[in-house]
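**Q** sequence below, structure please.
(one chain, ligands or ions: 1)
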Amino acid sequence: MAAVEPLGAGVAEPEDRGGAFPRLTDAQRAKLRAAGRVREVVAGETLFREGDPDYDFFCVESGFVAIVQGYGQENQVIAVHGPGRFLGELNLLTGAPPLLTAVVRDAGSVIQLPVAKLTELVSRHEDLSNLILRALLARRAILIERGAGIRLVGSRFSRDAQRLREFLRRNRMPYQWLDLEEDEEAEQMLATLAIAADETPVVVAAGGVLRNPTNAELAALLGLGARGAPPTLCDLVIVGGGPAGLAAAVYGASEGLDTQLIDKLAFGGQASTSARIENYLGFPTGISGSELAERATFQARRFGARLVVPAQASGLAYRDGHFAIELADGQAVNGRTVIVATGALYRKLDVPGFERFEMGGIYYAATQAEGMVCAGDPVVVVGGGNSAGQAAMFLSQRASQTRLVIRGDDLAKSMSRYLINEIEAQPRIEVLTNTEIVELDGEDSLQAVTVANTRSGERRELDCKALFVFIGAAPHTDWLRGHVAMDEHGFLLTGRDVTAESLSGERPLFLETSQLGIFAVGDVHSGSVKRVASAVGEGSMAVQLVHQRLAAL
Ligand SMILES: Cc1cc2nc3c(=O)[nH]c(=O)nc-3n(C[C@H](O)[C@H](O)[C@H](O)COP(=O)(O)OP(=O)(O)OC[C@H]3O[C@@H](n4cnc5c(N)ncnc54)[C@H](O)[C@@H]3O)c2cc1C
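**A** Predicted structure coming up:
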């Protein structure tokens, strides 16, 4: 009988791209050995499987381990790791189940230790901590790029498929998208699973098949969100998990407050949709918004903050001396104090057919995912602020032609000088001043936009497969109407900006709203600077004020 080839036979180890696959030194492995145990492993043995609720950290001492997608079915080998390399990706630290399966290819030995022991170990050894965290973050980015992990089958024209893709993308979960309109594999998979096309979108994972799941159902499958039963009452509830909310969670939890953070979609907020944040202190070469979000989320969890996603605040009540944040699913989260960090929503263009093309060709963010979609195509970016400028710079590396459209006559009125310099030095970007978009064209998806010069009225049709819109924002504050004072646009007034007539007694503290005990930070607060650094600064500052308010209660 012919011998069965082991999974990953002949596959070479991947290069250590961006710190994703470092080889631990003898000294580093000795630290792991002291905290865990060394054991022999045989070919074909699985160290952990996709979807396992609990699994350990492994470092290969000798032999080789294959990392496999769809183990037992398509058996696709993603990578092979040998001596000195460790296994796992970001889920190891978030407590979510593994996305892939680890199968021993060549017998040898491994160091095995529970994740709790690893966390304890790395908190004492900075070299290991930096190396492992960096690798796990880089591996997540690689898996997203490869489209590994769960499979989502659906039509690109389905709103629910768009919703699920958005949820996965914003939560930085790797997934393989199988488009019913395009991929034969999609039909084959549906046939194998005996699922009719009208039951799509479906999510296929080791943990089961979900037919058109809600975001909450998908989150549960992926192991996103908090563990354990919710507390009855917290010192601090933070609503909104962008940079402001995450900073408040890190400082609140690290300063001993019983802290709960909820977000309706994903942690990281708008910042996580930024391809590269170059003006955040301490990152001289910039940091991608998603990496900043991943690091901050990990940090908040490490300090003991309870992070819940998806959980949308839809109302507020004051009961028995505390605030009850009412959630869209009918539940409530209770806190003695509240920090509102719900940010703002980007505005849409008032052009006929805009909503139709939101299904195919209009974007509010320019990240890796959008960059892949429009690679080699002409794109247009609308807006004169820093986010538009960054998007144009990022897209110019991928698109065949990038045009930046602004209504004003000069970028300098609204954009940072460093970005203007970069744009001016980039020949693949054309800046169209005194210009607005007046028409969108295309059948199923966007093909062209017509622009008009606001002074001469001259019109010009531009080839455009993707339109990126960055033209201002409206705050997420409807759920607070009637409870706290707002400015004419709905942004929350705080501190000295709260007018005397909206107060019943004591004046609010700095960053405190007209309702004492409720604070507002980041983009949601009136007059905010709309920068990551200021959102983070306010989130941390508000925690000091929460301490003051709690002491006065
Ligand atoms: C593409 C892009 C690029 C950018 N680049 C930069 C940059 O380079 N440098 C810079 O300084 N700034 C940049 N910004 C701006 C920066 O991202 C924002 O100023 C910052 O994210 C604001 O943080 P925040 O926490 O106040 O709000 P957000 O980041 O908007 O987060 C708000 C969070 O609240 C959640 N939420 C909303 N409503 C509810 C509700 N009812 N219940 C529960 N949760 C809710 C949302 O899901 C979201 O996660 C950029 C923005 C974008 C979009």
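**Q** rest of the way, CA atoms for contacts and neighbours
**A** Noted.
**Q** spit out the contact partners of residue 108.
**A** Going by Cα atoms under 8 Å, 6 or more residues apart in numbering, residue 108 touches 40, 41, 42, 61, 62, 63, 64.
**Q** from residue 136, how far off is the closest residue to it other than its chain neighbours?
**A** The spatially closest residue to residue 108, leaving aside those adjacent along the chain, is residue 63, at 4.2 Å (Cα to Cα, 6 or more residues apart in numbering). Using Cα to Cα, to the nearest Å, residue 63 is found at 22 Å from residue 136.
**Q** and residue 35, by the same measure?
**A** 20 Å.
**Q** more crowded one of the two?
**A** Set residue 35 next to residue 136 and count neighbours by other Cα atoms under 10 Å: residue 136 wins out with 22 against 16.
**Q** isn't that one right next to residue 87, touching?
**A** No - the pair residue 136 and residue 87 fails to qualify as a contact (Cα atoms under 8 Å) at a distance of 9.1 Å.
**Q** how about the residues of the stretch 301-450 of the chain by the ligand?
**A** 311, 312, 313, 314, 341, 342, 343, 344, 365, 387 (Cα under 6 Å from any ligand atom).
**Q** confirm the fourth one sits in a strand?
**A** Yes - counting by DSSP: H, G, I helix; E, B strand; the rest coil, residue 314 falls inside a strand.
**Q** can you tell me which residues contact it?
**A** Applying Cα under 8 Å, 6+ apart to residue 314 gives the contacts 325, 326, 327, 328, 479.
**Q** rerun at 6 Å
**A** 326, 327, 328, 479 (Cα atoms under 6 Å, 6 or more residues apart in numbering).
**Q** same deal with the last one?
**A** For residue 387, the set of contacting residues under the criterion of Cα under 6 Å, 6+ apart is empty.
**Q** switch to 7 Å and redo it
**A** If you count contacts by Cα atoms under 7 Å, 6 or more residues apart in numbering, residue 387 has them with residue 470.
**Q** tell me the pLDDT of it.
**A** Note on residue 387: pLDDT of 85.
**Q** tell me the secondary structure at it.
**A** Here residue 387 takes the helix state, with states given by three-state DSSP.
**Q** buried only: go through the contacts of residue 314 for me.
**A** The neighbour count (16 or more other Cα atoms under 10 Å) marks 326, 327 as buried among those.
**Q** so where does residue 164 fall, helix or strand?
**A** Using DSSP states H and E, the element containing residue 164 is helix 159-170.
**Q** tell me the mean pLDDT over that helix?
**A** Per-residue scores along helix 159-170 average to 93.
**Q** the helix or strand where the residue nearest to residue 108 lies packs against which elements?
**A** Per DSSP H and E, residue 63 falls inside strand 57-69. Contact here means 3 or more Cα pairs under 7 Å, 6 or more residues apart in numbering; DSSP states H and E; on that basis strand 57-69 packs against strand 76-81, strand 101-113.
**Q** give me the angle between it and strand 101-113.
**A** Calculated by axes from the mean of the first three to the mean of the last three Cα atoms, to 10 degrees, strand 57-69 forms an angle of 180 degrees with strand 101-113.
**Q** now strand 57-69: average pLDDT?
**A** Throughout strand 57-69, pLDDT has a mean value of 97.
**Q** what about residue 352, how many neighbours?
**A** Using other Cα under 10 Å, residue 352 is surrounded by 12 other residues.
**Q** quick check: it vs residue 440, distance?
**A** 7 Å.
**Q** intersection of neighbour lists for the two?
**A** Residues touching both residue 352 and residue 440 by Cα under 7 Å, 6+ apart: none at all.
**Q** tell me how many other residues surround the closest residue to residue 216 other than its chain neighbours.
**A** Nearest residue to residue 216, sequence neighbours excluded (Cα to Cα, 6+ apart): residue 310, at 6.0 Å. Using other Cα under 10 Å, residue 310 has 25 neighbouring residues.
**Q** C-terminal to the helix or strand bottoming out on mean pLDDT in the chain, what's the next element?
**A** Using mean pLDDT, DSSP states H and E, helix 368-373 stands out as the lowest-scoring helix or strand of the chain, at a mean of 78. Following helix 368-373 in sequence order, the next helix or strand is strand 378-382 (DSSP H and E).
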